[in-house]
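Participant: based on what follows, work out the 3D shape:
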Amino acid sequence: MAHGKGLKAVRVALIHYWLVSIRGGEKVLEALCEIFPEADIFTHVCDRSVLSQTLARHRIRTSFIQRLPNARRWYQKYLPLMPLALEQLDLRGYDLVISSESGPAKGVIVAPGAVHVCYCHSPMRYAWDQYHAYLERAGIMTRALAPPLLHYMRAWDLQSASRVDHFIANSRFVARRIRQYYRRDALVIAPPVDTRNFYVSDAIGDYYLMIGQLVPYKRPDLAIGAFNQMGRKLVVIGEGPEMNALRRKAGPNIEFLGWRPQQEVRDHYARCRALVFPGTEDFGLVPVEAMASGRPVIALRRGGALETVVENETGVFFDEETPEALAAAVYRLEATEGQYSPSAIARHARQFDRSVFKERVSGAIRGFIDQAAS
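Facilitator: Residues are numbered from 1 along each chain as shown. I've put the predicted structure just below:
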């Protein structure tokens, strides 16, 4: 181990579950690549057409899952093979292994003396806290096969946690779940947000904004129900399996834009009256991006939003998962809209900037390496 020589002297492997899109987990991987520009990336499946320049500069090695039929599309169907695939990755010669965990990543076998740090976005949701919700939405065949499969995955997931030397969680909410499921402590470091890529506008439109995948656990149905009741304009950016059902329920005041280019997303952030965030997220990058644009957030009082939104300063919360509770929160915000300072909200968001993440992660890993060498 390169004690006293700095991080540049350490040979690093970054393990990421799959590289088939660029979302929050991949933004963390990009920041890790900036900290460790010589690192090699290992992943189950890689679609090179989606890679950013930052990721594409690195040597990327895939597991045998990549060679299976239609793996870039069906990768999640190969979940039962991923524990075996991780153990086949040859990590000899790496001093530091950082696994990026949301899908299976931390189950690798590292060399003797190497330090294994897991940055945990979330313990696998479908195996743990979202298990019963996942079964409710599944088809007949999946409901029959999933219980024994996910029983096996939970046992493996718990066992593989013992291979990690240090956990870093993206929020206190996730750190509590790491403690509950793995019986391990975790340092909390919020994921990176490019806060300076967003801007504060003087021209605010007469619409509310919701951004994200249209999937059940994000509770877009609450927003549709609330805005149907109120008649306020809601702009929805995102796609997902719930989109067609939500469109059928939505009134004419609700506009679905699908996924939009990043500059258009920034413009919608900057000009919305407020962001609506009705689901429970492990951290939630979208509220931070809205606040970086100087806009308040209307969020469910659950999960990572409690660690980013300051009530009555950068937004308001609602407590019950009902359209009526969300509508009441919108009315509360409107009654006090003049008290919110866009510049103060944007300043608050900067504590989650990419530069802060890189500084904190670098410092933590130096400490882990020194601890291993002492």
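Participant: so who does the closest residue to Arg232 other than its chain neighbours touch?
Facilitator: Once flanking residues are discounted, Arg232 sits nearest to Tyr208: 6.1 Å by CB to CB, 6 or more residues apart in numbering. From N, CA and C alone the C-beta is placed, and that goes for glycine too. Going by CB atoms under 8 Å, 6 or more residues apart in numbering, Tyr208 touches 227, 232-235, 272-276, 298, 330.
Participant: for the stretch 51-200 of the chain, what spans make up the strands?
Facilitator: 60-62, 96-101, 115-120, 166-169, 186-188 (DSSP state E, counting those that start in this stretch).
Participant: low-confidence ranges in the protein?
Facilitator: Judged against pLDDT under 70, the low-scoring parts of the chain cover residues 1-8, 126-139, 141-142, 145.
Participant: just give me the longest helix of it.
Facilitator: Using DSSP state H, we find that the single longest helix of the chain is helix 140-161.
Participant: buried ones in that one, by neighbour count?
Facilitator: For helix 140-161, the neighbour count (16 or more other CB atoms under 10 Å) marks 146, 150, 153-154, 156-157, 160-161 as buried.
Participant: that older thread, what's the spacing between the residue nearest to Arg232 and Val200?
Facilitator: 18 Å (CB to CB, to the nearest Å).
Participant: what about the longest helix of the chain, distance to the chain center?
Facilitator: 22 Å (CA atoms, centre = their mean, to the nearest Å).
Participant: swap in stretch 206-220?
Facilitator: Distance, stretch centre to chain centre, for stretch 206-220: 15 Å (CA atoms, centre = their mean).
Participant: could I get the buried residues of helix 140-161 in a markdown table, plus columns for distance to Arg248?
Facilitator: Converted to a markdown table, these look like this (distance: CB to CB, whole Å):
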| residue | distance to Arg248 |
| --- | --- |
| Ala146 | 28 |
| Leu150 | 32 |
| Met153 | 35 |
| Arg154 | 36 |
| Trp156 | 40 |
| Asp157 | 37 |
| Ser160 | 42 |
| Ala161 | 42 |
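Participant: nearest to Val117, out of the residues you listed: which one, please.
Facilitator: Of all those, Ala161 has the smallest distance to Val117: 12.8 Å, by CB to CB.
Participant: in contact with Val45, which residues?
Facilitator: Going by CB under 8 Å, 6+ apart, the list of residues near Val45 reads 18-20, 62-63, 65-66, 71-72, 75.
Participant: return the subset of those residues lying in helices.
Facilitator: 71-72.
Participant: looking at the contacts of Val45, spot the one nearest Arg196.
Facilitator: For those, the nearest to Arg196 is Leu19 (25.4 Å; CB to CB).
Participant: just the buried residues of helix 140-161 now: which is nearest Ala111?
Facilitator: For these, the nearest to Ala111 is Ser160 (16.6 Å; CB to CB).
Participant: what about Asn244, neighbour count?
Facilitator: Neighbour count for Asn244, taken as other CB atoms under 10 Å: 10.
Participant: SS state for it?
Facilitator: Asn244 falls in the helix class when you classify it by DSSP: H, G, I helix; E, B strand; the rest coil.
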